[in-house]
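Engineer: the sequence isn't on hand, but the structure is:
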């Protein structure tokens, strides 16, 4: 069983500070996990991830299954060794990608048949197969195969879907317990609570999965188009059901504000492509709000992206220089913005953690969001 | 006058080891200069350039004049400050780019009128203007404006062209001596010997320029399509005319073999986009020859790019991993190959320097080329 230590719950909110111990080191929560879908966090070096204190990164089972494939992953001794990453890795099962990327998919109780978005080849993913692939990847934290219904979906459909997700989770668990890690370190399995925005279905999904005693629990199927308030409501509701002594992961979320609101509601772990994707599009996150560095207004700006940031980009380069790099399409521009944005998200969670440990999360959240929004008002 | 110290000439060849002292530090020659056309060496960070021991980098006057432009460069205190680069910078005048990139150009004795390849705007570059722009850039070593005739060109045309290049060089020199640096450190001016593959014209061009006592001399108009042997012949011939106590720079050259052959003929400085451009196309240089890492043959290869290399890529990652990065279009792949290739070129010149200081350049060259070629034979 995963060694998770809940160190502290904030005095006035549900925000938690904890430690997840793995054979690749300890993850301090709340934590933001950079997304390295295909064995690389886009445009950021592994040593830079260490430098900005990334405690754990994501890989994607569906993408890694396709390329480089399980044979190569096994030959190289798993993803840690393949990509030279010494800290923990969590792998999403890829259920979400199968549904969103595949040309063709056939869902059955048995599993999901899909056509590769790369070469058109046909594949069949079952819960058993997903665990086999995640064993080959060697992720520290493996996610079960789930079905993630689109938003909005009819209640009847979601009701059937959570039953499928439950059955698949149980089969993942059986396979997980019936197999061993390949590379000499422990792996853990998280279940995924589904149920859309129907709280009674969320309750059923959560209770069923909690009964089966997984290493941790994710809240899936959010950040798929529903209003933010509904997302917060579901997170708030589900964390009431989840056990205190297991980590809670809100998948695919989100903006800095989303993270703080969800931490307040008892979520411990997050992942999102926002910092790197927006960084590649010249958008940066700062303590005073978002900036688009392609904007001509920054051409002569001698300030760093964020004067409060300790990253390589902010310690060495001006907005004017980075704006120039984007205007002449130099790759170095997006290297700097990706690095900075990740540092911003990681630092935000580090600060949240300190606030929780000092019983002042609510003030921290209010102050942080207020500073971010003040700039937004100036810009409009 | 530039402080160049010729430390040693190899006992059996014309290969030289020297020191170029600038206000931004000392450049040890022979030297390979990474190309940072627009204020960034493509996909490589400034701190990485220091890490791989780049002693000096290039900027391009034509490109920097267009973006970010002289106003911004002046506002930021010059290119060193703008891009946070502490070591020397050499700027090519951009004459070559004007001729190759501009939609429209009109050459006269006065200068060259051209239409920007960015926005179609019209500009007029004169020798005086080039120096003004290079003062705004604040490069340690400034190149004169020259005309670089295509290969092949009629002798009559080249004969007129070297006269134009001579006149422009003298006007550059006059402006250089009539103006001062803007940022409190010294700048130096190099002339460019032209003359195509006509040795008598090369002789005239070189002698005229040597008489005017520039800080250093470049051999231009080579590596434009002529056979390698002709390039070596011209370099060998021109270095006989150039003064011993000034650095010699072979512009836009070249492959590892080109560099070693030219060092043997008395050249001290090189620049080329080959390491970074080829790196972005997955081609890497190694002590055993070139490899294309997109090749499926490397999918399971657990070796580093080059086991003899000390760069971040070679110390941490396998060919198999980098091949995967290219196959899934991850930017990190080309970051690693660009970094490695630059380190390979810089290291080659470092080793050449040691060989020269030990009077064994000829053996070093023969051994190095033989190892590179042995692999080529294996591949065919």
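Structural biologist: Yep, it's here. All values derive from a computational prediction rather than experimental measurement. Numbering: from 1, shown residues only, chains lettered A, B, ... in the order given.

Engineer: contacts and neighbour counts: CA atoms only from here.
Structural biologist: Will do.

Engineer: the top helix by length along chain A vs helix B:331-357, what angle?
Structural biologist: Identified as the longest helix of chain A according to DSSP state H is helix A:331-357. Interaxial angle, helix A:331-357 versus helix B:331-357 (axes from the mean of the first three to the mean of the last three C-alpha atoms, to 10 degrees): 120 degrees.

Engineer: pLDDT (mean, whole number) over helix A:331-357?
Structural biologist: What helix A:331-357 shows for mean pLDDT is 98.

Engineer: and it with chain B, contact?
Structural biologist: Yes - using C-alpha under 8 Å from any C-alpha of the partner chain, helix A:331-357 comes into contact with chain B via A:331, A:332, A:335.

Engineer: just the buried residues of those.
Structural biologist: A:331, A:332, A:335 (16 or more other C-alpha atoms under 10 Å in any protein chain shown).

Engineer: chain neighbours aside, what residue packs nearest to the single nearest residue of the stretch 101-250 of chain A relative to chain B?
Structural biologist: Chain B sits closest to residue A:118 of the stretch 101-250 of chain A, with a gap of 9.8 Å, by C-alpha to the nearest C-alpha. With sequence-adjacent residues excluded and distances taken as C-alpha to C-alpha, 6 or more residues apart in numbering or on different chains, residue A:118 is closest to residue A:66, at 8.0 Å.

Engineer: close to chain B: what parts of chain A are there?
Structural biologist: A:38-40, A:42-45, A:67-68, A:72, A:75-76, A:82-84, A:299-300, A:302, A:316-318, A:321, A:324-325, A:328, A:330-332, A:335.

Engineer: need the buried ones from the residues you listed selected in ChimeraX.
Structural biologist: Buried subset of these, written as a ChimeraX selection, criterion 16+ other C-alpha under 10 Å:
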select /A:38,39,40,42,43,44,45,67,68,72,76,82,83,84,299,300,316,317,318,321,324,325,328,330,331,332,335
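
Engineer: what segments of the stretch 251-380 of chain A are helices?
Structural biologist: A:256-264, A:274-280, A:312-316, A:319-327, A:331-357, A:361-379 (DSSP state H, counting those that start in this stretch).

Engineer: can I get those in a markdown table including distance to residue B:241?
Structural biologist: Listed next are the helices of the stretch 251-380 of chain A as a markdown table, based on distance: least, C-alpha to C-alpha, whole Å:
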| stretch | distance to residue B:241 |
| --- | --- |
| helix A:256-264 | 65 |
| helix A:274-280 | 51 |
| helix A:312-316 | 44 |
| helix A:319-327 | 41 |
| helix A:331-357 | 41 |
| helix A:361-379 | 63 |
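
Engineer: re the thing from before, tell me the angle of the longest helix of chain A relative to helix A:361-379?
Structural biologist: Going by the same axes, to 10 degrees, helix A:331-357 makes 140 degrees with helix A:361-379.

Engineer: return the set of buried residues in helix A:331-357.
Structural biologist: A:331-353, A:355-357.

Engineer: tell me how far the residue most central in space within chain A lies from residue B:333.
Structural biologist: Nearest to the mean C-alpha position of chain A, counting by C-alpha atoms, centre = their mean, stands residue A:271 at 1.6 Å. If you measure residue A:271 against residue B:333 using C-alpha to C-alpha, to the nearest Å, the figure is 23 Å.
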